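Mind folding the following:
(2 chains)
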Amino acid sequence: MKRTILSALITAGLAGRLCAAVAEDSKIFTPFFDMTLSEAAFLPSDGNIFSGGDINTQVGLLAKVAEKDHIFGLYNFNYVGQGFAPQDSRQFTDRSLSHNFNLEYRRIITDRIRVRPGVSANWEYRRTGANEVWKNGLYNMNSFGGQLAADYTFSEEQRGYVTAQYLFRSVKFPNYTDLLTEFQNPSPANSANVNGGLEDQTMGQFSVRPGWKQFFGGLTYTVQNYTNQKVVTETGVYGAKKQRDTDTALDFGFHQTLGIFELAPVVSYTMHSSNQNFMLYKSLGDTSPQFGAKYYDFSELAFGVPLDLNITSKWAVGGAVNFTRRAYSKRMARDADNNFTAAEQVNTMTTLTGSLRKRINEVAMVRLFASFLVARSNNKFEKYLPYSYTGNSFGLAYQLSY
Amino acid sequence: MKRLTLALLALFLVKGAAFAAIDWESKGMQLAGEVIANPAGFFYDFQQDLEGTTPLPPGKRYGVQMGLFPTLLPMTYTNVSAKVRLHGEGRIAPGVPQLDLIGGYWDMLAAKMATKDSQSVDSAKFGGYYVGALLSASVSPRVRTFWGYKHSQLKARLDFKAGQEPELLGTKVNSFDTGFKDDFFIAGIETPKGVGSLWSIQLNYGLGTQTISSKVSWYGKYFELGLNIYPEGVLVVHPVWNCHLNF
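Reported below is the predicted structural model:
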């Protein structure tokens, strides 16, 4: 599932970022704290105004037990509230809350090579409204696993390094069931269909991330093997083959300061492939459902160009352009009557953001922002979720880090 | 701060055309529905506005606080909170953080007055309390972090007189009894802005109910201006005004 990949990418990114962020000084214990909170009001072209916030808090401690042995522990609390989301990802009203614990042992082999084995545990809760109880969320997820990373610094002066990492997770969705099966047959042969665990999977991810001066990039390959979920066949029944998803992602970016301008563009390309198909039932008693083979395969191009203008040492004016284009390779767009057409579905989302940032002191920063978003798709079936709409949002964000 | 407010106002004016498209009536109905679905949570948001969860400024031993807006007015939460410093930072041994005990109590005046004057309400009790402890330590000459725990409880109970019970969807309602109880973990930082004034940000997380709130505050000698954000609350942003005396 996309959510799992996102979580794993965040974990991988966190570990990578933190290995560079924490200063190596003479103290035995070095704490790390970073908190970002934002709250915004959203106004879609179709629908009423709503508000949503995001909170991301990281608390870490680096302990230098010996000259070449360090231990790093990190706790990450992440809350994602209501907000605009790319098409086919989640509803605007979805909100999630997660707790992530990461413990890593860092061993310096030579002054150029370092290895970092670690373990990680994650609990995530999701709900679609404030009246639902967090622990009963349909998409609640727990994941446990480990990772092994190696860093090689080939040039300290040029900040040249490369990091290779392999991570493994066992992911469980304790509440997720097949609601239709639950309704039709309360005690079927595959009990995971009604007792939770239908989306349980094991995930493996390998990534290589080089960096040179102000440039960075990476190649990431992820495999998700589902334990219980089977592939639906053309006849409309689940076959014997289990679902398997793979993701290949390439990303590249750089951070450049030119006088008072600060630029940090990033571009990424992801190819998602799954053996899962889809049966389109237009109504409950539909006797001629439409079959969508390889329904979840897509390739996605995304780029973002944030630009900050540092007017004074405290004030900065910023702007950003973000563009995402997802093209499905086998999924056909639907027309307004919920029938497949002959054209493959393509979704695009463009966001323009303007912001004003004030640095309060060496640890805190406040930002006011306003965004304009345009989402377009050739999928015209918008009875349940919008595919083509525009949206405005404005809000406040602050960040603390030391 | 003034510049930030003006900038925010400018942004609102620019977005003025967008406001014409908002359906305020259905938004109001949605908010009313959220209050009915979880009334204790709605009242508890106002209790969080009066809770004094920042440590005592360096050099102060005792503190008394009262929430003015939106707690005393218009919600009529008569309240009082106190803070006591057990030991200052580095006083017992170098590196030992400051330890403060915090606590407070509130009672809703409007509920008592409604009972006195009402013909249908027999008794009403809207009130709550909180107790907790905060540890604070400096990470640099201008930045102090604080961590803590608090236990909060709220009770909201309304009993109707026999024979005077109202009807809700065809059912007679004898009483209305709801409450909120949870243990919170607090984390934040503060930094001095001038002589006798500080600026602080904190995050409160309820371990049982997973209630999240964030408070930004400008803490002066006698008054505190704050902006409390409850992402999952009914009224998401509460501007807050409290007064205090520390000595």
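
Okay, strands next: where are they in chain B?
B:62-69, B:77-87, B:98-108, B:121-140, B:143-160, B:167-168, B:171-172, B:175-194, B:197-206, B:212-219, B:223-229, B:237-246 (DSSP state E).

Dump the ones you listed to TSV, plus mean pLDDT.
Formatted as TSV, these follow (pLDDT from 0 to 100):
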stretch	mean pLDDT
strand B:62-69	95
strand B:77-87	94
strand B:98-108	94
strand B:121-140	90
strand B:143-160	90
strand B:167-168	68
strand B:171-172	74
strand B:175-194	89
strand B:197-206	92
strand B:212-219	93
strand B:223-229	95
strand B:237-246	95
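
Is it correct that residue A:161 is in contact with residue A:210?
Yes: between residue A:161 and residue A:210 there is a contact under C-beta atoms under 8 Å: 7.1 Å. The way it works is simple: take the backbone N, C-alpha and C, and place the C-beta from them, glycine included.

What is the burial count for residue A:307?
The number of residues packed near residue A:307 is 14, by other C-beta atoms under 10 Å in any protein chain shown.

Pretty sure it sits against residue A:317.
No: between residue A:307 and residue A:317 there is no contact under C-beta under 8 Å: 9.2 Å.

related to what we said a few turns ago, Throw the strands of chain B into TSV and include mean neighbour count and distance to residue A:394, thanks.
As requested, the strands of chain B are arranged in TSV below (neighbours: other C-beta atoms under 10 Å in any protein chain shown; distance: least, C-beta to C-beta, whole Å):
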stretch	mean neighbour count	distance to residue A:394
strand B:62-69	19	24
strand B:77-87	19	31
strand B:98-108	21	34
strand B:121-140	18	33
strand B:143-160	19	30
strand B:167-168	8	39
strand B:171-172	9	44
strand B:175-194	17	26
strand B:197-206	20	21
strand B:212-219	22	18
strand B:223-229	19	15
strand B:237-246	17	13
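
Output those as TSV; include the columns distance to chain A.
Conversion of the strands of chain B to TSV gives the following (distance: least, C-beta to the nearest C-beta, whole Å):
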stretch	distance to chain A
strand B:62-69	20
strand B:77-87	22
strand B:98-108	17
strand B:121-140	6
strand B:143-160	5
strand B:167-168	18
strand B:171-172	20
strand B:175-194	5
strand B:197-206	6
strand B:212-219	5
strand B:223-229	5
strand B:237-246	7
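
do you know which of the ones you listed lies nearest residue A:329?
Closest approach to residue A:329 among the strands of chain B is made by strand B:212-219 (39.9 Å; C-beta to C-beta).

I'd like to know which elements that closest one is packed against.
helix B:39-50, strand B:175-194, strand B:197-206, strand B:223-229 (3 or more C-beta pairs under 8 Å, 6 or more residues apart in numbering or on different chains; DSSP states H and E).

Repeat the analysis, applying 6 Å as the threshold.
Here strand B:212-219 touches strand B:197-206, strand B:223-229, going by 3 or more C-beta pairs under 6 Å, 6 or more residues apart in numbering or on different chains; DSSP states H and E.

so how far is the first residue of stretch B:112-126 from its last?
Using C-alpha to C-alpha, to the nearest Å, one end of stretch B:112-126 lies 8 Å from the other.

same thing with stretch B:30-44?
19 Å.

so how far is it from its chain's centroid?
Put simply, stretch B:30-44 sits 16 Å off its chain's centre (C-alpha atoms, centre = their mean, to the nearest Å).

before we move on, what about stretch A:137-156?
With C-alpha atoms, centre = their mean, you get 13 Å for stretch A:137-156.

Identify all contacting residues around it.
Residues outside stretch A:137-156 that contact it (C-beta atoms under 6 Å, 6 or more residues apart in numbering or on different chains): A:112-127, A:160-173, A:175-176.

Each with direction, which strands does whatever helix or strand residue A:166 lives in pair with?
Using DSSP states H and E, residue A:166 sits within strand A:160-172. Under the criterion DSSP bridges, strand A:160-172 sits next to strand A:141-155 (antiparallel), strand A:201-212 (antiparallel) in its sheet.

Let me have those in TSV, extended by mean pLDDT and mean neighbour count.
Below are the strands paired with strand A:160-172 laid out as TSV (pLDDT from 0 to 100; neighbours: other C-beta atoms under 10 Å in any protein chain shown):
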stretch	mean pLDDT	mean neighbour count
strand A:141-155	96	17
strand A:201-212	96	18
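
Please render these as JSON lines that adds distance to residue A:86 to the earlier fields.
JSON lines is the format used below for those (distance: least, C-beta to C-beta, whole Å):
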{"stretch": "strand A:141-155", "distance to residue A:86": "20"}
{"stretch": "strand A:201-212", "distance to residue A:86": "21"}
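
Show me what the one helix or strand residue A:58 maps to is packed against.
Using DSSP H and E, residue A:58 sits in strand A:50-64. For strand A:50-64, the elements it packs on are strand A:29-44, strand A:69-80, judged by 3+ C-beta pairs under 6 Å, 6+ apart.

Could you dump these into CSV and include mean neighbour count and mean pLDDT?
Converted to CSV, those look like this (neighbours: other C-beta atoms under 10 Å in any protein chain shown; pLDDT from 0 to 100):
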stretch, mean neighbour count, mean pLDDT
strand A:29-44, 18, 91
strand A:69-80, 18, 96
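
could I get the ones you listed as a markdown table with distance to chain B?
Below are the helices and strands packed on strand A:50-64 laid out as a markdown table (distance: least, C-beta to the nearest C-beta, whole Å):
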| stretch | distance to chain B |
| --- | --- |
| strand A:29-44 | 5 |
| strand A:69-80 | 6 |
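
Make CSV out of those and add distance to residue B:103.
Below are these laid out as CSV (distance: least, C-beta to C-beta, whole Å):
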stretch, distance to residue B:103
strand A:29-44, 26
strand A:69-80, 26
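
What residue in chain B is the furthest from its centre?
Ranked by distance from the centre of chain B (C-alpha atoms, centre = their mean), the top residue is residue B:163, with 37.0 Å.

Please name the nearest non-neighbouring residue to the single nearest residue of chain A relative to chain B.
Closest to chain B within chain A is residue A:53: 3.7 Å, counting by C-beta to the nearest C-beta. Leaving aside its chain neighbours, residue A:53 sits nearest to residue B:231 (3.7 Å; criterion: C-beta to C-beta, 6 or more residues apart in numbering or on different chains).

Show me what residue of chain B gets nearest to chain A.
Closest point on chain B to chain A, by C-beta to the nearest C-beta, is residue B:231, at 3.7 Å.

mind listing what that residue touches?
A:53, A:81, B:212.

How many residues are close by residue A:362?
The burial count for residue A:362: 12, using other C-beta under 10 Å.

Mind checking what secondary structure it has?
Secondary structure for residue A:362, judged by DSSP: H, G, I helix; E, B strand; the rest coil, is coil.

Using PDB, write out the CA atom coordinates for the one helix or strand residue A:371 maps to.
Secondary structure assignment for residue A:371, by DSSP H and E: strand A:364-377. The C-alpha coordinates for strand A:364-377 follow below in PDB (Å, rounded to 0.1, in the frame of the first residue of the first chain):
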ATOM      1  CA  ALA A 364      12.200  28.800  16.400                       C
ATOM      2  CA  MET A 365      10.700  29.900  13.200                       C
ATOM      3  CA  VAL A 366       7.100  30.900  12.100                       C
ATOM      4  CA  ARG A 367       5.700  30.800   8.600                       C
ATOM      5  CA  LEU A 368       2.400  32.200   7.100                       C
ATOM      6  CA  PHE A 369       1.500  30.600   3.900                       C
ATOM      7  CA  ALA A 370      -1.200  30.600   1.200                       C
ATOM      8  CA  SER A 371      -1.600  28.000  -1.600                       C
ATOM      9  CA  PHE A 372      -3.500  27.600  -4.800                       C
ATOM     10  CA  LEU A 373      -4.000  24.100  -6.100                       C
ATOM     11  CA  VAL A 374      -5.200  22.700  -9.400                       C
ATOM     12  CA  ALA A 375      -6.100  19.000  -9.700                       C
ATOM     13  CA  ARG A 376      -7.000  17.500 -13.000                       C
ATOM     14  CA  SER A 377      -7.800  14.000 -14.300                       C
END
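
That'll do, ta.
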